[in-house]
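K.L.:
Got a predicted structure here, sequence first:
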Amino acid sequence: NRVLLIDRVRQALNANIRSKCYGALLFIDLDNFKTLNDSLGHHMGDMLLKSAAQRISHCVRADDTVARFGGDEFVVLLANLGTQKAKAAALQAEAIGEQILAAFTAASRIEYPCTPSVGVTLFSPEDRNVDELLKRADLAMYDAKTAGRNGLRFFDPAMQTMITARAALESDLREDLKKGRLLLHYQPQVDHQGRLLGAEALARWPHAQKGMISPSEFIPVAESTGLILPLGALMLKTACHQLARWSTDPATERLTIAINVSALQMRQKTFVEEVRAIVEQTGANPHRLKIELTESTLVINVDDLIAKMDKLKTIGIGFSLDDFG
């Protein structure tokens, strides 16, 4: 299906050079399909894929192409949307996309809620690159998912700009993590009388060209790419080194440091051993270290989390809850 689809898209692009027609690609992904496979089994997943293929096929015209692109992804090629303005072609593509969305709300033999997220990109006689068109439709589909799923989104050039910028940010973050360029800033924590008790350690990234990059910008990138693991380890090690330095001065020896730990870090099997090793290597007093957990961390695999917290508490490490509510 994938090979045939790509061949037909290529043919459509060549034909459109002569006919000056517009066309469109619809990239369709089934929402929550993995959950169905994991909970009800692959047999039910196969039934849903067959049902989805039939529903999509019933929504398109006789000369359109429907392909299963892979996994739970389908692609629809609308090769001939006329020679009028792009807006008219977009309205035709949107109408077919809305029909596909509506088809999935109809009653199904499979008692499982499954909706599609649909991404649409138009192509004109000037377009030549099949891979670029598929990428644009795929980006639009992910935009539909981000917007809440069970919806339709058109490709916007701003999406590509955003994706390119994000990829550059990830590359720079990966490089600066290797070189240990990220820092911790310490926000004072005081009691009700204003006496200094310690500090919360906050990750900061001084970028060589862009200056200080906000955590709200780079933390989501780190979490989505897995870079949160080396970032978390680096920040924990930096905080423990600071505790060790503070312990040599009577004015700061009693101060604590609280540091955020992501849910992904906590889920690592070796997390407790890694924390213990960092504490031992740096010479930090574990009784002066607090790990901050977010509320969302507490609702995932609670028994495993409790076991890890118990092990860390035995060496003196405390915990606090961040972003509660």
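P.N.:
That came through fine.
K.L.:
only C-alpha atoms for contact and neighbour calcs from this point on.
P.N.:
OK.
K.L.:
Show me what the helix or strand where residue 277 lies is packed up against.
P.N.:
With secondary structure defined by DSSP states H and E, residue 277 is part of helix 271-282. Using 3 or more Cα pairs under 8 Å, 6 or more residues apart in numbering; DSSP states H and E as the contact criterion, the neighbours of helix 271-282 among helices and strands are helix 228-246, helix 302-314.
K.L.:
would you list the ones you listed in CSV and tack on mean pLDDT and distance to residue 142?
P.N.:
CSV is the format used below for the helices and strands packed on helix 271-282 (pLDDT from 0 to 100; distance: least, Cα to Cα, whole Å):
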stretch, mean pLDDT, distance to residue 142
helix 228-246, 96, 22
helix 302-314, 93, 30
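K.L.:
Nearest approach to residue 27 belongs to which of these?
P.N.:
Checking these against residue 27 by Cα to Cα gives helix 228-246 as the closest, at 30.2 Å.
K.L.:
Tell me the buried residues in that closest one?
P.N.:
Burial within helix 228-246, assessed by neighbour count using 16 or more other Cα atoms under 10 Å, is assigned to 228-229, 231-241, 243-244, 246.
K.L.:
same for it, what does it pack against?
P.N.:
Here helix 228-246 touches helix 157-178, strand 183-190, helix 215-225, strand 256-260, helix 263-267, helix 271-282, going by 3+ Cα pairs under 8 Å, 6+ apart.
K.L.:
could you list every residue that touches residue 150?
P.N.:
Contact analysis of residue 150 by Cα atoms under 8 Å, 6 or more residues apart in numbering lists 31, 101, 115-118, 144.
K.L.:
could you redo the last one with a cut-off of 7 Å?
P.N.:
Each residue near residue 150 by Cα atoms under 7 Å, 6 or more residues apart in numbering is listed here: 101, 115-117.
K.L.:
before we move on, back to that, dump the helices and strands packed on helix 228-246 into JSON lines; add distance to residue 208 as well.
P.N.:
Conversion of those to JSON lines gives the following (distance: least, Cα to Cα, whole Å):
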{"stretch": "helix 157-178", "distance to residue 208": "9"}
{"stretch": "strand 183-190", "distance to residue 208": "13"}
{"stretch": "helix 215-225", "distance to residue 208": "15"}
{"stretch": "strand 256-260", "distance to residue 208": "25"}
{"stretch": "helix 263-267", "distance to residue 208": "27"}
{"stretch": "helix 271-282", "distance to residue 208": "28"}
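K.L.:
ok, and which of those has the densest surroundings?
P.N.:
Comparing these by mean neighbour count (mean count of other Cα atoms under 10 Å), strand 256-260 ranks first with a mean of 23.
K.L.:
which parts of the lowest-mean-pLDDT helix or strand in the chain are buried?
P.N.:
In the chain, the helix or strand scored least confidently by mean pLDDT, DSSP states H and E is helix 33-40, which has a mean of 79. When neighbours are counted by 16+ other Cα under 10 Å, the buried residues of helix 33-40 are found to be 33, 36.
K.L.:
Check what contacts that helix and list those residues.
P.N.:
Residues external to helix 33-40 that are found in contact with it (Cα under 7 Å, 6+ apart): 45, 72.
K.L.:
what do you get for stretch 210-228?
P.N.:
By Cα under 7 Å, 6+ apart, the list of residues contacting stretch 210-228 from outside reads 170, 203-207.
K.L.:
Please apply the same query to stretch 281-296.
P.N.:
240-241, 243-244, 255-261, 279, 315-324.
K.L.:
Over to stretch 84-96?
P.N.:
Outside stretch 84-96, the residues that reach it (Cα under 7 Å, 6+ apart) are 22, 24, 59-60, 81-82, 122.
K.L.:
tell me which residues in it are buried?
P.N.:
Judged by neighbour count (16+ other Cα under 10 Å), stretch 84-96 contains these buried residues: 86, 89-90, 92-94, 96.
K.L.:
Centre of the chain to stretch 22-37, how far?
P.N.:
Between the centre of stretch 22-37 and the centre of its chain there are 17 Å (Cα atoms, centre = their mean, to the nearest Å).
K.L.:
related to what we said a few turns ago, nearest to residue 46, of the helices and strands packed on helix 228-246?
P.N.:
The closest of the helices and strands packed on helix 228-246 to residue 46 is helix 215-225. By Cα to Cα, the value is 28.9 Å.
K.L.:
Now do the closest one against helix 228-246, angle only.
P.N.:
Regarding helix 215-225 and helix 228-246, their directions subtend 130 degrees when assessed with axes from the mean of the first three to the mean of the last three Cα atoms, to 10 degrees.
K.L.:
now stretch 211-224, how far from the centre of its chain.
P.N.:
Here the centre of mass of C-alpha atoms in stretch 211-224, compared against the chain's by Cα atoms, centre = their mean, lies 13 Å away.
K.L.:
Export only the CA atoms of it, formatted as PDB.
P.N.:
These are the backbone C-alpha positions of stretch 211-224, laid out as PDB (Å, rounded to 0.1, in the frame of the first residue of the first chain):
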ATOM      1  CA  GLY A 211      21.200  34.000  25.600                       C
ATOM      2  CA  MET A 212      19.300  32.500  28.500                       C
ATOM      3  CA  ILE A 213      16.600  30.100  27.300                       C
ATOM      4  CA  SER A 214      13.500  29.700  29.500                       C
ATOM      5  CA  PRO A 215      12.900  26.300  31.100                       C
ATOM      6  CA  SER A 216       9.300  26.500  29.700                       C
ATOM      7  CA  GLU A 217      11.000  26.300  26.300                       C
ATOM      8  CA  PHE A 218      13.600  23.600  26.800                       C
ATOM      9  CA  ILE A 219      12.100  21.300  29.400                       C
ATOM     10  CA  PRO A 220       9.300  20.100  27.200                       C
ATOM     11  CA  VAL A 221      11.900  19.400  24.400                       C
ATOM     12  CA  ALA A 222      14.000  17.400  26.900                       C
ATOM     13  CA  GLU A 223      11.000  15.400  28.100                       C
ATOM     14  CA  SER A 224       9.700  14.600  24.600                       C
END
